[in-house]
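Enquirer: Next one to model:
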Amino acid sequence: MRRSGEEGRAGAALWLDGRLPFLDAGRGLVRKVFPDHWSFLLGELALYSFTLLLVTGVYLTFYFRPTMGEVVYAGSYAPLVGQRMTAAYASTLAISFDVRGGLLIRQVHHWAALVFVAAIGCHLLRIFFTGAFRRPREVNWLIGLTLFQLALVEGFAGYSLPDDLLSGTGLRTAQGFMLAIPLVGSYLSFFAFGGEWPGTDIVPRLYTTHILLLPGILVGLVTAHLILVFYLKHTQWAGPGRSARNVVGRPMFPHFLAKTVGLLFLVSGVIVVLAAVAQVNPIWKYGPYRADQASTDAQPDWYMGFLEGALRLMPGTETRLWGHSIPWNPLIPAVLFPLVLFGLLYAYPFAEQWITGDRGERHLCDRPRDRPVRTAIGVAALTAYAVLLMAGGQDVLALVFRVSVNGLDWTLRVALFVAPAVAFWLTRRICLALQDRDRRRFTAGSTPTGLVRQSVEGGYLGEREPLPLLQRHQLTLGDRPTPLPAVRDTRPERLRAALSRWYYRDRVPLPEPAAAEGEE
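Expert: As a prediction, the model looks like this:
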């Protein structure tokens with residue numbers, strides 16, 4: 001009986017495989033090899049937090065009412081009983097206090113959103129600092145940046161739905177962004193809000209965008225990203241046996257599958273514990289939104305803090321031309337600045353390719369110290385982001401440290417230009433110092449032996465053990481790019497050569513791999 005049952009299952013599998021060739025696809029999936037390094041788990045953190053977002057979001061849609069029609073609150077939260085509020089705010093209060101487990105699910109959803117954006121950001125930083133955006137992965141870099149931007153918009157739409165005083169203040173700020181756009185700003189605001197502020201359509205439109213449009217695009221882009229990762233192979237750190245033709249690591253089944261399922265449960269458990277013990281977005285404390293009130297200490301979620309900081313640091317100036325007023329704040333910090341920032345990020349892989357002349361396929365990760373200019377650019381950008389994030393809460397910082405808000409504003413304005421330059425110079429020097437340390441370890445050894453010998457000049461030198469062959473081999477792997485030769489052709493070619501010399505002029509060369517092996 002057992003044999004006949006096994007034969008029946010095998011026959012069913014073969015019948016299904018003849019019409020849907022899942023066995024051939026599954027064989028390749030099972031044999032897929034994944035690099036064994038912690039930095040490659042950042043993308044999985046983003047994927048699993050996004051999965052948790054989808055699950056909890058479906059649950060919340062059963063109880064949320066996306067309408068701005070006014071109701072009189074009669075729920076369990078006594079301080080707001082009898083007050084008029086929108087149905088969206090009242091239903092969010094009902095989820096928090098009247099639905100069993102509703103507050104936990106709300107907070108899991110919010111914490112998962114924070115982790116999702118943070119994981120995508122860290123994943124992009126890993127790709128940038130290791131050069132994993134180079135050919136043939138430029139398209140995946142573009143997809144990742146688009147995912148990051150959509151995650152920002154999705155998060156903003158999500159915490160704007162409850163229509164509380166804090167999210168209403170954020171929506172009022174967003175309307176100011178729209179009105180700052182010349183010529184079409186007022187029309188765009190009327191369309192989004194369904195008339196004069198606050199309108200009646202913004203919450204239903206944000207709801208549709210939040211649960212249908214953006215999640216659908218995110219799922220499609222995540223799927224495309226994973227398909228490209230499988231097709232192009234993973235990048236990996238340089239090491240013995242690792243080349244552009246292979247990937248050294250763990251197979252999909254059973255090693256990687258067991259590890260990634262464990263990570264899924266770990267991420268879910270940590271987020272649920274955070275939701276249970278760490279309060280986030282307590283809308284009942286803010287109260288319902290009213291157009292004649294503003295929330296004190298109003299701060300957006302951290303991922304929108306850089307825009308808030310740019311708004312607060314930009315002086316309030318405007319220009320009148322031909323009967324029209326152009327408000328430079330918020331036009332520059334909230335509209336032009338994000339466009340320029342993400343435009344540069346989109347163009348960076350192609351700009352570096354043009355500057356360096358490197359058009360070959362690259363499957364090995366760069367060590368950040370080996371690319372001092374690229375690493376310094378990334379650290380300078382992170383420094384500017386940190387300054388803007390501090391500026392987004394400059395009123396709270398001034399209150400806590402009892403300093404002048406105006407003085408803090410001017411300090412942060414100066415720091416926005418000075419701190420990134422200092423960070424660039426310091427990071428480049430640290431990278432070169434680390435390169436020099438690698439060379440000294442390569443040539444003089446690493447661990448002191450405790451023996452001392454006297455030189456012919458009478459001095460004393462401590463002896464060191466030679467660096468192990470494996471580490472010597474790893475230090476000599478990877479690309480060693482050189483600047484492009486100087487040319488006297490067209491102006492773009494001269495500019496390209498000058499940028500290439502600036503990009504690669506400072507480096508501490510190691511012995512060539514062949515010479516290193518000959519020494520051994």
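
Enquirer: For the rest of this, base every contact and every neighbour count on C-alpha atoms.
Expert: Will do.

Enquirer: Quick one: low-confidence residue ranges for the stretch 301-450 of the chain.
Expert: 446-447, 449-450 (pLDDT under 70).

Enquirer: where do the strands sit along it?
Expert: Applying DSSP state E, counting those that start in this stretch to the stretch 301-450 of the chain gives strands spanning 318-321, 324-327, 364-365, 448-454.

Enquirer: and the next helix or strand after the last one, what other elements does it pack with?
Expert: I take that to be strand 448-454. Using DSSP states H and E, the helix or strand that follows strand 448-454 towards the C-terminus is strand 460-464. Under the contact criterion of 3 or more Cα pairs under 8 Å, 6 or more residues apart in numbering; DSSP states H and E, strand 460-464 touches strand 448-454.

Enquirer: And the strand it packs on, how far out from the chain middle?
Expert: 49 Å (Cα atoms, centre = their mean, to the nearest Å).

Enquirer: tell me the phi and psi of residue 287?
Expert: phi 90, psi 170 (degrees, to the nearest 10).

Enquirer: pretty sure it is touching residue 165, no?
Expert: Yes - Residue 287 is in contact with residue 165 according to Cα atoms under 8 Å; the separation is 5.8 Å.

Enquirer: The two - which one has more neighbours?
Expert: Set residue 287 next to residue 165 and count neighbours by other Cα atoms under 10 Å: residue 165 wins out with 25 against 18.

Enquirer: That one and residue 406: what is the separation?
Expert: For residue 165, the distance to residue 406 equals 26 Å [Cα to Cα, to the nearest Å].

Enquirer: just residue 126 next, same as before
Expert: Taking Cα to Cα, one finds residue 126 at 37 Å from residue 406.

Enquirer: Name the residue in the two with the higher neighbour count.
Expert: Shown here are residue 126 and residue 406; by other Cα under 10 Å, residue 126 has more neighbours (19 against 13).

Enquirer: which SS class is the more buried one?
Expert: Following DSSP: H, G, I helix; E, B strand; the rest coil, the label given to residue 126 is helix.

Enquirer: Was I right to think it contacts residue 39?
Expert: Yes - with contact defined as Cα under 8 Å, residue 126 counts as touching residue 39 (7.2 Å).

Enquirer: Need the single longest helix in the protein, by residues.
Expert: helix 405-444 (DSSP state H).

Enquirer: Give me the helices and strands touching it, please.
Expert: Taking 3+ Cα pairs under 8 Å, 6+ apart as the contact cut, helix 405-444 packs with helix 305-313, helix 372-391, helix 394-401.

Enquirer: Please state the offset of stretch 104-117 from the chain centre?
Expert: 16 Å.

Enquirer: For it, the averaged confidence score.
Expert: The average pLDDT within stretch 104-117 is 96.

Enquirer: now stretch 457-471
Expert: pLDDT averaged over stretch 457-471 gives 73.

Enquirer: gap between the two ends of it?
Expert: Per Cα to Cα, the first residue of stretch 457-471 is 33 Å away from its last.

Enquirer: quick one: buried residues of that stretch?
Expert: Burial within stretch 457-471, assessed by neighbour count using 16 or more other Cα atoms under 10 Å, is assigned to 463, 464, 466, 467.

Enquirer: May I ask you to confirm that the last one is in contact with residue 438?
Expert: No - using Cα under 8 Å as the test, residue 467 is too far from residue 438 to be in contact (10.3 Å).

Enquirer: Give me the common contacts of the two.
Expert: The contact sets of residue 467 and residue 438 do not overlap (Cα atoms under 8 Å, 6 or more residues apart in numbering).

Enquirer: For residue 321, give its distance to residue 336.
Expert: From residue 321 across to residue 336, the span is 19 Å (Cα to Cα).

Enquirer: Find me the pLDDT at residue 53, would you?
Expert: 96.

Enquirer: What is whichever helix or strand residue 187 is part of packed up against?
Expert: Assigned by DSSP H and E, residue 187 belongs to helix 185-193. The contact analysis (3+ Cα pairs under 8 Å, 6+ apart) places helix 185-193 against helix 165-180, helix 202-208.

Enquirer: between it and helix 165-180, how big is the angle?
Expert: If you take axes from the mean of the first three to the mean of the last three Cα atoms, to 10 degrees, helix 185-193 sits at 140 degrees to helix 165-180.

Enquirer: Phi, psi for residue 317 please.
Expert: Torsion angles, degrees, to the nearest 10, at residue 317: phi -120, psi 160.

Enquirer: quick one, helices of the stretch 101-250 of the chain?
Expert: When assigned using DSSP state H, counting those that start in this stretch, the helices of the stretch 101-250 of the chain occupy the ranges 102-130, 138-160, 165-180, 185-193, 202-208, 214-232.

Enquirer: Confidence-wise, which of the helices and strands packed on helix 185-193 is weakest overall?
Expert: helix 165-180 has the lowest average pLDDT among the helices and strands packed on helix 185-193, namely a mean of 88.

Enquirer: that older thread, switch the buried residues of stretch 457-471 over to CSV; also include distance to residue 33.
Expert: CSV is the format used below for the buried residues of stretch 457-471 (distance: Cα to Cα, whole Å):
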residue, distance to residue 33
463, 42
464, 38
466, 34
467, 30
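
Enquirer: ok, of those residues, which one's closest to residue 159?
Expert: residue 467 (54.3 Å; Cα to Cα).

Enquirer: Against residue 43, how distant is the most centrally placed residue in the chain?
Expert: Centroid-nearest residue in the chain: residue 121, 1.1 Å away (criterion: Cα atoms, centre = their mean). According to Cα to Cα, residue 121 and residue 43 sit 10 Å apart.

Enquirer: Ok, residue 237 next?
Expert: 16 Å.

Enquirer: between those two, who's got more neighbours?
Expert: residue 237 (21 against 18).

Enquirer: Which residues are in contact with the residue lying closest to that one once chain neighbours are set aside?
Expert: With Cα to Cα, 6 or more residues apart in numbering as the criterion, residue 237 has its nearest non-adjacent residue at 5.0 Å, and that residue is residue 365. Listed by Cα under 8 Å, 6+ apart, the contact set of residue 365 reads 130, 131, 132, 235, 236, 237, 238.

Enquirer: try 6 Å this time
Expert: By Cα atoms under 6 Å, 6 or more residues apart in numbering, the contact list for residue 365 reads 130, 236, 237.

Enquirer: a markdown table for the residues you listed, including distance to residue 102?
Expert: Shown next, in a markdown table, are the contacts of residue 365 (distance: Cα to Cα, whole Å):
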| residue | distance to residue 102 |
| --- | --- |
| 130 | 42 |
| 236 | 43 |
| 237 | 44 |
